[in-house]
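K.L.:
Mind folding the following:
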Amino acid sequence: MPMSFISSTSRTAPSILTPLTPLLWQRTIPAVAERAGPSLATAYRYLLTLDELRRKFMLGVIDGLYESTKNLKSNGLELLEDTMAEWIKVVAEDGPAMVLVRSREGFLCRLQQGEPNVRAFEKVWGPPIRQLLDKAGIDWTQFPYAIGVFNAMFNSREIMDLKAVTGLNDEKLVTGCSRLYWAALQGLCDTND
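P.N.:
Numbering: from 1, shown residues only. Modelled structure (predicted):
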């Protein structure tokens, strides 16, 4: 049964994206329209390609994470932990779909190109990572590597894997991931010369 379609321009794209996580990787725009409920013409008006659908989905997820973390008052490792706690909640809800829509291009290349999803990712994780770089005495020129390491260690696939294999509750997972990342940053101290 098709999902109800909301005709408001500002709300149409999210209404199309929300129910479609099972279709994000293997289906066509007509299949997306059939599942979401709008006409095929409306779906094409908002989503020209499945790649665009995937990018919009990821951007929506990352923007949601930013909204839930932008007013955090903590600093340093505590800020990383608070942000990580929100990230784990996001992954619990959207992680399987996020794994399906991962970019085929490397994170650092996309960072260098200013790709919108990576810029949104940087908006969320930049503050805690830069604070940790300061705490470790690591120059901010190392930031691209620091955020790239974070992405490699704690993307949605890795968080889901850690939860499944370790059985850790969210609080212990936050603490463990934050400590692991802090330890990984120490490796950048040696390359800071």
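K.L.:
can you pull out the helices in this protein?
P.N.:
9-17, 29-36, 40-46, 50-69, 76-100, 107-113, 116-136, 143-154, 156-166, 170-190 (DSSP state H).
K.L.:
which parts of the fifth one are buried?
P.N.:
It stands for helix 76-100. 77, 79-88, 90-91, 94-95, 97-100 (16 or more other CB atoms under 10 Å). In short, each C-beta sits where N, CA and C put it, glycine included.
K.L.:
and that helix with helix 50-69, angle?
P.N.:
Orientation note: helix 76-100 sits at an angle of 160 degrees relative to helix 50-69 (axes from the mean of the first three to the mean of the last three CA atoms, to 10 degrees).
K.L.:
if you average pLDDT over helix 76-100, what comes out?
P.N.:
The average pLDDT within helix 76-100 is 91.
K.L.:
Please apply the same query to the last one.
P.N.:
The average of the pLDDT scores along helix 170-190 is 93.
K.L.:
That helix vs helix 143-154, what angle?
P.N.:
For helix 170-190 against helix 143-154, the angle by the same axes, to 10 degrees is 140 degrees.
K.L.:
Same question for the fifth one.
P.N.:
What separates the directions of helix 76-100 and helix 143-154 is an angle of 60 degrees, with the same axes, to 10 degrees.
K.L.:
so what does helix 76-100 touch, helix or strand wise?
P.N.:
helix 50-69, helix 116-136, helix 156-166, helix 170-190 (3 or more CB pairs under 8 Å, 6 or more residues apart in numbering; DSSP states H and E).
K.L.:
Redo those helices as TSV? Include distance to residue 108 and mean neighbour count.
P.N.:
Shown next, in TSV, are these (distance: least, CB to CB, whole Å; neighbours: other CB atoms under 10 Å):
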stretch	distance to residue 108	mean neighbour count
helix 50-69	17	18
helix 116-136	9	19
helix 156-166	17	15
helix 170-190	14	15
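K.L.:
so which of those helices gets nearest residue 147?
P.N.:
For residue 147, the closest of those is helix 116-136, at 5.6 Å, according to CB to CB.
K.L.:
What is that closest one packed up against?
P.N.:
Helix 116-136 is packed against helix 50-69, helix 76-100, helix 107-113, helix 143-154, helix 170-190, with contacts defined by 3+ CB pairs under 8 Å, 6+ apart.
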